[in-house]
Every structure is written in structure tokens, then in C-alpha cells.
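Asks: fold the following for me, if possible:
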Amino acid sequence: MTGYRLSQVARDDIISILIWTHERFGEEARQRCEVLITTALRDASSRTGDVGPTTRPEWEDDVFIWHVVASRTHAPGRNVGRPRHFLICRFAGEVLVVGRVLHDAMDAPRHVDPGQSWE
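Replies: Numbering: from 1, shown residues only. Down below sits the predicted model:
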């Protein structure tokens, strides 16, 4: 399995998602969401899942989206009812770098500058 690294913004995104999920749906839902995001990170880094990555024509060729729903059947425990988040990724050598984790209702190009450093 290839490793992965989260940008600080992606870490902040995940924290916000988990806080919102906990406040809205409770601790059990937050735990399911956390397991699904972790599974999606692993799947995206090894390119395994029910569907593959999606590229966007307005971004560089190496930037892709991995929707967490692609990892739903790989996540242990109960499923998240309607997964709505996606990872915005690219590889730096063998390491998957995640620049953002966004809700699928968000307009990704407005929230990501793929040419910017993802540290």
C-alpha cells in the first residue's frame, strides 16, 4: 500500500466534518464517518475501491478526486448512510497527497488551487 499525507487544510477539513457530524448526528455517526474517511484515504492511495478516481479538465493532469462513496463497501462496521465528501488528491512520487476534503455540493475549483503547495 502506498502511503498518504494530508495538507494542513485537509486536516482542518476533516476535523470540521467530524465536529459537524457529531453535533448533528451523534458520536456513533461521527465514528462511522471517521472510519469511512480513513478507508477512503487508504483506498485512494492504493487506487482500490468500487470506482476509480475522477479527473477534472480545469486541473493539472495529476490532480484527481476520490469520492468516499467509492470506499463504502471496504469500511468496517456500519455504513455511512449517504456519504457526501470527496478527497482532492495527487501523487508526489509514491505518496498520495490530499489537498482538501470537501462536500460534494461544493464547487471544488473555487476551493482548490492545484498549482499551490499542498503542505
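
Asks: going by C-alpha atoms from here, please, whenever you check contacts or count neighbours.
Replies: Will do.

Asks: now do the same for residue 41: its pLDDT.
Replies: pLDDT, residue 41: 94.

Asks: for the one 10 residues further on, same thing?
Replies: Predicted confidence (pLDDT) for residue 51: 59.

Asks: ditto for residue 57
Replies: Reported pLDDT for residue 57: 63.

Asks: what do you get for residue 93?
Replies: For residue 93, the predicted pLDDT is 86.

Asks: how much space separates residue 6 from residue 100?
Replies: Using CA to CA, to the nearest Å, residue 6 is found at 8 Å from residue 100.

Asks: need the contact list for residue 78.
Replies: Residue 78 is in contact with residue 32, counting by CA atoms under 8 Å, 6 or more residues apart in numbering.

Asks: how close does it get to residue 39?
Replies: 13 Å.

Asks: now do residue 102
Replies: If you measure residue 102 against residue 39 using CA to CA, the figure is 16 Å.

Asks: likewise for residue 99?
Replies: With CA to CA as the criterion, residue 99 and residue 39 are 17 Å apart.

Asks: same deal with residue 118?
Replies: Note on residue 118: its distance to residue 39, by CA to CA, is 21 Å.
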